[in-house]
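Visitor: Sequence and predicted structure below; questions after.
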Amino acid sequence: MTNLFSVFDPSSSVMNLSLNWLSTFLGILLLPTIYWLMPSRYSLIWSKITSTLHQEFNTLLGPTGHPGSTFLFISLFSMIVFNNFLGLFPYIFTSSSHLTFTLALALPLWMSFMLYGWINHTQHMFAHLVPQGTPPVLMPFMVCIETISNIIRPGTLAVRLAANMIAGHLLMTLLGNTGPSLSLTILSFLIIGQIALLVLESAVAIIQSYVFAVLSTLYSSEVN
C-alpha cells in the first residue's frame, strides 16, 4: 500500500480493461427473482419497500410533481443500495466509494432539474434566490449565498455518499490489518468490534442511499 486509500483503487484488469466496475452491475443478478410467478419472501419484502418509498416520494414531490417521477428515485435508491451492500462482501470493488460513480449520478440529475426549472419556471427560480421576508439591504448577499448553495448541491450529494462509504471501509481495513500482530485475547475483541462495524456499515449502506434519493426528490420538487 502506497497510502491508506490505495486499497480502494481499481486493480483487477484483463487486457487493460478494468473489471472492478463490473461489480456495479452485480445487483442486476438479484432482480430476476422479483419476476417469478410465485412471489418469494424476498420479493414481497422488496415490493413493500418500494411501495413505501413510492408513497414517501409522492408526498415530498407534492401535487405539482409529474406522475411516475417517483420511479426514477426508487430506481436510484435501488442501484445505490445494491452497490453499497455488494461493497461489504470480500473481494468486491465498492464502486459507490468513488466520486466518478457518485458524481455521475448527482451531476446529470442536478443539471436536468436546473435546466427544466430555468426554462419552464424562470420567475419561480428567481424567487427562490431571495427567501421570503428578507430585508432589502441583505438581498444581494442572499442571492450570492443561495446561488452558491445551489451550485454546490451535486458536489455535496456525491461527496456525502462517497465519504460515508469509504470511511467505514477504511476503518475496517485499518483494524483488520492490525489483527496478525495481536494476542488471542485482544484479537477476540477485535473480531467483535469488526462485526459491530459491519452491522453499522450495513445500516450506513441503506441510510446513505435513502438520503441520496430523498435529497434528489427534494431538489426536483423545488423546480416545480
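Guide: All right, it came through fine. All figures in this text were calculated on a predicted structure; none of them were measured in a lab.
Visitor: Tell me where the model's unsure across the protein.
Guide: Applying pLDDT under 70 to the chain flags the ranges 1-4, 6-17, 32-37.
Visitor: mind listing the strands in it by residue range?
Guide: Per DSSP state E, the chain carries strands over the ranges 13-14, 17-18.
Visitor: residues contacting Phe212?
Guide: Counting by CB atoms under 8 Å, 6 or more residues apart in numbering, Phe212 makes contact with 76-77, 80, 105-106, 157, 160-161. All C-beta atoms are positioned from the backbone trio N, CA, C, and that covers glycine.
Visitor: ok, now how distant is Leu215 from Pro154?
Guide: Using CB to CB, to the nearest Å, Leu215 is found at 10 Å from Pro154.
Visitor: contacts for stretch 147-165?
Guide: Contact partners of stretch 147-165, identified using CB under 8 Å, 6+ apart, comprise 80, 84, 87, 94, 96-99, 101-103, 105-107, 109-111, 114, 129, 204-205, 208-209, 211-212, 215-216, 219.
Visitor: switch to 7 Å and redo it
Guide: Residues outside stretch 147-165 that contact it (CB atoms under 7 Å, 6 or more residues apart in numbering): 84, 87, 94, 96-99, 102-103, 106-107, 110, 129, 204, 208, 212, 215, 219.
Visitor: re earlier: neighbour count winner among Leu215 and Pro154?
Guide: Higher neighbour count among Leu215 and Pro154: Pro154, with 22 against 18, using other CB atoms under 10 Å.
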